[in-house]
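J.: the following block contains a protein sequence and its predicted model.
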Amino acid sequence: MQNQVKTPEAKLEELGITLLHPRKSVGNYVSFVRTGNLIYTSGQGVDQYHGKLGAEINLEEGYLAARQSVINLLCVLKEELGQLSKVKQIVKILGMVNSAPDFIDHPKVMNGASDLLVDVFGEKGKHARSAVGMAQLPNNTAIEIEMIVEVED
């Protein structure tokens with residue numbers, strides 16, 4: 001029997017994740033810019049998790065917040081591309097973590113995003129990454145992530 005390759009959408013379905021419409025921009029900007037074969041997304045926060053990591057939000061919740069932020073980013077990509085199979089490579093993600101002053105586990109929080117991208121895209125989901133702490137994020141969201149993605153012509 002031949003080994004069938006699953007689409008990113010099929011992998012999302014297996015994970016129990018449904019992509020909805022992208023969240024609306026809250027300012028004078030767009031949710032992504034495409035130039036050539038690259039898509040640069042605006043940062044996506046989350047509606048479910050608010051507060052500072054290491055204070056109101058614990059590490060497990062931070063991991064889930066990062067995962068949800070990537071789901072929000074995938075909604076943006078899906079709307080632009082029609083199908084996530086057009087993703088050639090997740091190039092880079094930048095995670096901004098709303099952190100208490102003594103919080104140092106930003107990379108562990110960002111693993112929520114990275115793990116999901118690899119689960120959905122396999123080798124194409126492996127990416128460069130930065131994880132930084134912020135004194136505050138808009139609407140007191142726990143995390144905001146932006147992404148650079150290479151897509152097929």
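T.: Sure, I can see it.

J.: so where's the protein uncertain?
T.: For the chain, residues meeting the criterion pLDDT under 70 lie at 1-3.

J.: just the strands in it please.
T.: Assignment of strands within the chain using DSSP state E yields the ranges 32-35, 38-41, 87-98, 128-134, 143-151.

J.: dump these to JSON lines, plus distance to residue 109 and mean neighbour count.
T.: Where C-beta positions appear, they are placed from N, C-alpha and C, glycine not excepted. Output for those, formatted as JSON lines (distance: least, CB to CB, whole Å; neighbours: other CB atoms under 10 Å):
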{"stretch": "strand 32-35", "distance to residue 109": "23", "mean neighbour count": "12"}
{"stretch": "strand 38-41", "distance to residue 109": "19", "mean neighbour count": "18"}
{"stretch": "strand 87-98", "distance to residue 109": "5", "mean neighbour count": "21"}
{"stretch": "strand 128-134", "distance to residue 109": "7", "mean neighbour count": "15"}
{"stretch": "strand 143-151", "distance to residue 109": "7", "mean neighbour count": "23"}
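
J.: among these, which comes closest to residue 61?
T.: Distances from residue 61 to each of these were compared using CB to CB; the shortest belongs to strand 143-151, at 10.0 Å.

J.: and the strands of the chain: which comes nearest residue 69?
T.: Residue 69 lies closest, by CB to CB, to one member of these: strand 143-151, at 4.3 Å.

J.: for the closest one, packing partners?
T.: Identification of packing neighbours for strand 143-151 by 3 or more CB pairs under 8 Å, 6 or more residues apart in numbering; DSSP states H and E yields strand 38-41, helix 59-81, strand 87-98, helix 106-121.
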